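Asks: Sequence first, predicted model second:
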Amino acid sequence: MISTSIRLLRIQLQKDFGINEVMHCRDAGKKRKLIFMLCIFILVGAVLAFYTAGAAWVLCVSGAQDSVPGFVVAVSSMAIFIFTLFKAGPVLFAAGDYEMLTALPLKPSAIIMSRLLHMYLSSLFLSALTMVPVGVVYGLTASPSPVVYVLMLISLFFVPLVPLTVASLVGTLIMAAGSRVQRKNLVIVFLSMTFTLGILAVTMIFSSRAENMELQDMAGMIRSAVEQVNGMYPLTGLYTSGITGGNPAALAGFAVISLGIFLLFIALVQWKYVKISSALRTHEAKKNYRLQGLKQRSMLGALYKKEIKRYFASNIYVMNTMVGYILMVAASVGLAVAGMDKLESYLQMEGMGGMLPFNPGSMIPFILALMVMMGGTTSSSISIEGKQWWIPKSLPIPSGLILDSKMLVNLTLAVPSILLAGTILTVSGQTGGLKPVWVFLVPLAYACFSSVLGITINLKMPVFNWDNETTIVKQSASTFVSVLGGMLLALLPIGLRFALAGIPADLFLGGVTALVIVVTVILYGKNRKCDLQKIG
């Protein structure tokens with residue numbers, strides 16, 4: 001089984017990263033795209049490593065060196081859990097090669113193992129990006145014995161197992177529950193969103209409790225936080241005891257428990273794998289179907305209906321693009337409950353002289369815009385067509401209408417979320433002294449910009465030869481560039497606000513909004529001139 005799983009894993013990796021295509025293809029453009037994608041991954045990894053190393057340095061200089069190992073394990077585990085949660089179910093059960101694999105003389109355990117190993121490698125890479133820089137900083141500041149470095153290196157391979165297993169288990173339960181009903185995707189989306197909101201609620205509760213704690217200094221606060229994490233996730237306590245306490249039995253227990261939970265999950269999924277996978281692919285037709293009156297729509301209306309149905313047919317697509325809008329509404333509710341004083345206390349830090357050079361409320365529209373840029377659907381709306389892309393591009397329909405229908409899907413999600421978030425802030429009086437129009441106008445301008453920017457980038461970097469939607473929704477270069485670039489463009493005005501603190505808030509917000517609209521119009525006009533026949 002192990003050798004078969006490794007072969008399947010190798011094939012999957014070669015397929016996902018385009019290694020086979022680059023090695024055997026003479027198209028230099030595809031090779032350039034692969035190099036560009038690798039550069040993006042390296043850049044993201046470097047940023048993550050930089051911030052985790054900076055956090056470790058803060059912990060060490062505040063006198064909490066002994067808390068660093070357990071703390072970074074908790075942070076790494078949470079990151080792996082979040083990044084794995086919504087792709088675990090589709091990767092395990094909804095892969096496009098299910099029919100081909102089940103027709104071969106392969107055991108379900110081998111298929112499951114290969115897909116879990118695939119997710120394990122990505123989780124291991126994420127864990128290394130968080131733990132290796134922290135280990136270097138910890139070694140330079142705490143000066144542990146050389147044995148500690150060896151133990152940290154060995155234990156690195158066991159850290160991703162439990163968060164990966166828990167995320168996969170939740171994803172499996174959601175997929176299993178959805179497979180028992182007719183409208184599977186809607187149920188899966190509903191359960192996933194409910195679980196996401198639950199995580200946000202629990203996070204807010206713990207944050208509010210932590211704020212009410214009276215701690216004497218930074219080191220005491222960090223130790224208290226680590227103790228709370230150890231209480232919720234006991235494996236961090238075993239890891240800390242093994243690394244800082246020199247207890248090899250504790251570290252061995254950490255490794256054995258992690259590996260045991262991982263293997264137990266494999267056995268559990270194998271038990272119901274075929275049944276769940278088959279149920280997700282069956283469709284029950286209505287027996288009382290009767291042809292009634294036909295409805296006529298405009299071309300844009302018909303294309304929009306097709307796009308919105310396609311969007312909600314993919315639970316991984318919905319969950320990956322809805323998170324930003326959910327966070328935006330949740331942040332508005334949190335700000336309405338906590339009040340502007342809480343936001344100002346976070347922004348007016350001691351290191352900044354205790355006073356911002358401008359009204360902190362002018363940041364609220366850009367914070368909402370940041371979350372808008374996290375949830376764009378258009379960055380993969382062309383790639384999602386897959387091998388059926390020849391159908392829309394060959395229809396006698398203007399290219400602009402096809403692209404407009406895809407942008408309307410994003411606006412269908414963004415506009416109600418922005419109106420709801422803005423209304424919550426306006427009614428609660430938590431607009432930071434700004435005119436309420438800005439908490440609506442700025443995010444709406446960014447929503448239009450996000451829709452057009454995603455189309456622009458996806459036209460440049462489409463991917464049609466995919467078998468699993470997770471590949472293009474979460475892992476494609478187009479998604480990375482659109483989301484990271486869009487978030488950066490939403491954060492840029494906050495940095496400019498410090499340099500242009502003397503400008504009145506209304507003038508600054510109006511100028512940024514106008515600039516965003518102008519860029520949006522330029523990109524929109526450029527997209528409409530694109531010949532879709534040459535794409536793909």
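Replies: Now that the structure is in, tell me what you want to look at. On a predicted model such as this, the values are computed, not experimentally measured, just so you know.

Asks: Worst mean pLDDT across the helices and strands of the chain, which element?
Replies: Of all helical and strand segments in the chain, the minimum by mean pLDDT, DSSP states H and E falls on helix 184-211, at a mean of 54.

Asks: For burial, what's the neighbour tally of residue 256?
Replies: Residue 256: 12 surrounding residues under other CB atoms under 10 Å. Every C-beta, even on glycine, is put in place using the N, C-alpha and C of the backbone.

Asks: For stretch 110-121, list every residue counted as buried.
Replies: Residues of stretch 110-121 classed as buried: 110, 111, 112, 113, 114, 115, 116, 117, 118, 119, 120 (neighbour count, 16 or more other CB atoms under 10 Å).

Asks: so can I have a markdown table of the residues you listed showing distance to residue 253 and pLDDT?
Replies: Listed next are those as a markdown table, based on distance: CB to CB, whole Å; pLDDT from 0 to 100:
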| residue | distance to residue 253 | pLDDT |
| --- | --- | --- |
| 110 | 29 | 75 |
| 111 | 31 | 75 |
| 112 | 26 | 74 |
| 113 | 24 | 77 |
| 114 | 28 | 79 |
| 115 | 28 | 79 |
| 116 | 22 | 79 |
| 117 | 24 | 83 |
| 118 | 27 | 80 |
| 119 | 24 | 82 |
| 120 | 21 | 86 |
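
Asks: Closest to residue 273 out of the residues you listed?
Replies: residue 112 (6.0 Å; CB to CB).

Asks: And for the residue nearest to that closest one when sequence neighbours are not counted, the neighbour number?
Replies: The spatial neighbour of residue 112 that comes closest, neighbours along the chain excluded (CB to CB, 6 or more residues apart in numbering), is residue 269 at 5.3 Å. By other CB under 10 Å, the residues close to residue 269 number 23.

Asks: ok, now residue 68?
Replies: Using other CB under 10 Å, residue 68 is surrounded by 25 other residues.

Asks: Kindly report the same for residue 5.
Replies: A count of neighbours around residue 5, defined by other CB under 10 Å, yields 21.

Asks: before we move on, what SS does it have?
Replies: Look at residue 5: counting by DSSP: H, G, I helix; E, B strand; the rest coil, its state is helix.

Asks: Could you do residue 158 as well?
Replies: Following three-state DSSP, we place residue 158 in the coil state.

Asks: can you pull the contacts of residue 57?
Replies: 137, 141 (CB atoms under 8 Å, 6 or more residues apart in numbering).

Asks: Look up how far residue 140 lies from it.
Replies: To residue 140, residue 57 is 9 Å away according to CB to CB, to the nearest Å.

Asks: do the same with residue 479
Replies: The value you get for residue 479 to residue 140, if CB to CB is used, is 36 Å.

Asks: the more surrounded of these two?
Replies: Neighbours were counted for residue 479 and for residue 140 using other CB under 10 Å; residue 479 has more, 25 against 11.

Asks: in which helix or strand would I find that one?
Replies: Secondary structure from DSSP states H and E places residue 479 in helix 477-499.

Asks: After that helix, heading C-terminal, what element do we hit next?
Replies: helix 505-528.

Asks: chain center to the helix or strand containing the residue nearest to residue 112, what's the gap?
Replies: Using DSSP H and E, residue 269 sits in helix 248-280. Distance of helix 248-280 from the chain centroid (CA atoms, centre = their mean, to the nearest Å) equals 24 Å.

Asks: how near is residue 419 to residue 363?
Replies: Residue 419 is 20 Å from residue 363, where distance means CB to CB.

Asks: Settle it for me: which of these two has more neighbours?
Replies: residue 363 (19 against 13).

Asks: Run through the helices of the stretch 51-200 of the chain in chain order.
Replies: Along the stretch 51-200 of the chain, counting by DSSP state H, counting those that start in this stretch, helices occupy 68-93, 98-103, 108-142, 146-156, 161-178, 184-211.

Asks: What residues of the fourth one count as buried?
Replies: Within helix 146-156, the residues scored as buried using 16+ other CB under 10 Å are 148, 151, 152, 155, 156.

Asks: can you redo these as TSV with pLDDT and distance to residue 79?
Replies: As requested, those are arranged in TSV below (pLDDT from 0 to 100; distance: CB to CB, whole Å):
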residue	pLDDT	distance to residue 79
148	79	23
151	82	22
152	83	17
155	85	17
156	87	14
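
Asks: Which pLDDT value does the model give the nearest residue to residue 241 once chain neighbours are set aside?
Replies: Closest residue in space to residue 241, ignoring its immediate chain neighbours: residue 250 at 3.8 Å, by CB to CB, 6+ apart. Here, the pLDDT recorded for residue 250 equals 84.

Asks: I'd like the distance from residue 250 to residue 413, if you could.
Replies: Using CB to CB, one gets 47 Å for the distance from residue 250 to residue 413.

Asks: same check, this time on residue 524
Replies: 19 Å.

Asks: Same question for residue 68.
Replies: According to CB to CB, residue 68 and residue 413 sit 40 Å apart.
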